[in-house]
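return a 3D structure for these sequence lines:
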Amino acid sequence: MRLAKIAARAGFEIRRSFRALWGTALVAAIVALLWRGWGYYRQGMTKEAIADFENALEQNPNYQDAQYALDFVLSN
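Okay, the predicted model is just below:
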């Protein structure tokens, strides 16, 4: 019985760790979209930049840096 509890607890810890890592990877991917978008903009590839900024906002609608970038590119 005790072994079953330990195994269940270990499974819980693994799942929780995986979720934390997944969240970190997702944030990194969203930030990468922002910076790639700025790279596109600097190269004159406005449509691609807008697509990356919009994609970042789809992943996280509260991402203010992506909203600023999108507004900036659309206004210039």
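
only C-alpha atoms for contact and neighbour calcs from this point on.
Fine.

what about Val73, which SS state?
For Val73, the assignment made with DSSP: H, G, I helix; E, B strand; the rest coil gives helix.

any low-confidence regions in this protein?
1-22 (pLDDT under 70).

now with 80, please.
1-23, 25 (pLDDT under 80).

touching stretch 68-76 from outside, list them.
Applying Cα atoms under 8 Å, 6 or more residues apart in numbering, the contact partners of stretch 68-76 are Leu34, Trp38, Tyr41, Thr46, Ile50, Phe53, Glu54.

how much space between Val31 and Asn76?
Distance check for Val31 against Asn76: by Cα to Cα, to the nearest Å, it reads 22 Å.

ok, back up a step: can you redo the contacts of stretch 68-76 as a markdown table with neighbour count, secondary structure and distance to Asn60?
Below are the contacts of stretch 68-76 laid out as a markdown table (neighbours: other Cα atoms under 10 Å; DSSP: H, G, I helix; E, B strand; the rest coil; distance: Cα to Cα, whole Å):
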| residue | neighbour count | secondary structure | distance to Asn60 |
| --- | --- | --- | --- |
| Leu34 | 26 | helix | 12 |
| Trp38 | 23 | helix | 17 |
| Tyr41 | 17 | helix | 21 |
| Thr46 | 18 | helix | 21 |
| Ile50 | 22 | helix | 15 |
| Phe53 | 27 | helix | 11 |
| Glu54 | 20 | helix | 10 |
